[in-house]
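**Student:** mind folding the following:
(one chain, ligands or ions: 1)
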Amino acid sequence: MILLTQMSFAYQKNKPLFDQMDWQVGSGQVIGLLGKNGAGKSTLLRLLAGLLKPKSGDISIHGYRPFDRSPLFLQDMIILPEENYLPDKSSIQRYIKSIASFYPEFDHAKMVRMQEEFDLPKDQKLGNISFGQRKKLLIAIALASGCKTLLLDEPTNGLDIPSKSLFRKIVTANLRDDQTIIISTHQVKDVENLIDRAVIVNDGKVIFDEDMLAISDQWYFGLSSLPDAEAVYSEKSMGGYHYITALGPGKQPSQISLELLFNAVINKQLHSPQPQNA
Ligand SMILES: Nc1ncnc2c1ncn2[C@@H]1O[C@H](COP(=O)(O)OP(=O)(O)OP(=O)(O)O)[C@@H](O)[C@H]1O
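**Tutor:** Residues are numbered from 1 along each chain as shown. Predicted structure coming up:
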């Protein structure tokens, strides 16, 4: 369980980035953390990892305060930062071995399997593999770590198209029920069919937090040639009008468009938890 209680954080005095934020995440969920540039997604992941300290309020992860950096907490949490600096001279295998030594539940067999699935070289120096290959290596390490809390910052940035769909498959296949993944991303299409819950942060608060199942039970995402009078939100595009309406009785749920949902929430046309026009 991840619990934020009245958590505030600021890089600069009198300019709070998070202001008395309350938020709760149960075990076994894949969370998509969305927000505009500068909304604070990476900062939130760093706070959860204990790399930054809240100015006030509290963060608790499975009973630990991240910033206390207790060894028992650290061996059960892994963060994949957006920018990663790896030791260029180390070989892939040596790097895996050194990281694995921090994580008692590291699953070496799973790691080998994922290296194969991601088509990663086995014996190269880290300095000789591409940005995307490094990213895949780190994703595989995170999934093999056995940690209960996985914090992934823009994991699909730099992945080619086949690797993005592999990412979704590999995460789904390798996640245990007691693990929680928080994925911060702008690449909403990459996580649309992966996440259980969509969370949007803006202006220092969680402004939307909803299970994907609840979203598809409440809202219909459609495309029409003319504006839909019932739409709570619509956007004109090349193909017509992409819109969101309340899912009326007898209507089949649709595929969620996270991008449309995000724009609707940011434009204050759609709220959590209850639809405004239901
Ligand atoms: N080390 C720092 N010192 C001061 N300000 C910072 C620092 N790191 C981030 N910020 C500021 O905090 C705000 C949130 O940054 P953060 O990187 O957490 O946002 P983000 O949502 O991850 O953005 P993006 O989507 O662009 O990656 C931004 O205004 C940023 O300029």
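**Student:** where does pLDDT dip in the stretch 151-278 of the chain?
**Tutor:** By pLDDT under 70, the weakly predicted segments of the stretch 151-278 of the chain are 273-278.
**Student:** using the three-state scheme, assign the residue most central in space within the chain.
**Tutor:** Closest residue to the average C-alpha location of the chain: residue 183 at 1.2 Å, with Cα atoms, centre = their mean. Secondary structure, DSSP: H, G, I helix; E, B strand; the rest coil: residue 183 is strand.
**Student:** try residue 252
**Tutor:** Bear in mind the rule, three-state DSSP; under it residue 252 is coil.
**Student:** try the one 10 residues further on
**Tutor:** Using three-state DSSP, the structure places residue 262 in helix.
**Student:** how about residue 60?
**Tutor:** With three-state DSSP as the basis, the three-state label of residue 60 is strand.
**Student:** pretty sure it is touching residue 23, no?
**Tutor:** No: taking contacts as Cβ atoms under 8 Å, residue 60 lies outside contact range of residue 23: 11.2 Å. Yep, even glycine has a C-beta here, placed from its N, CA and C like the rest.
**Student:** just want to know which of those two has more residues nearby.
**Tutor:** When neighbours are counted by other Cβ atoms under 10 Å, residue 60 and residue 23 differ, and residue 23 comes out ahead with 18 against 14.
**Student:** the ligand versus the closest residue in space to residue 240 that isn't next to it in sequence, what's the distance?
**Tutor:** With Cβ to Cβ, 6 or more residues apart in numbering as the measure, residue 225 is the residue that lies nearest to residue 240, at 4.6 Å, once sequence neighbours are left out. If you measure residue 225 against the ligand using Cβ to the nearest ligand atom, to the nearest Å, the figure is 34 Å.
**Student:** just give me the neighbour total for residue 225.
**Tutor:** Residue neighbour count, defined by other Cβ under 10 Å, stands at 7 for residue 225.
**Student:** what's the answer for the one 3 residues further on, then?
**Tutor:** Using other Cβ under 10 Å as the criterion, residue 228 is surrounded by 16 other residues.
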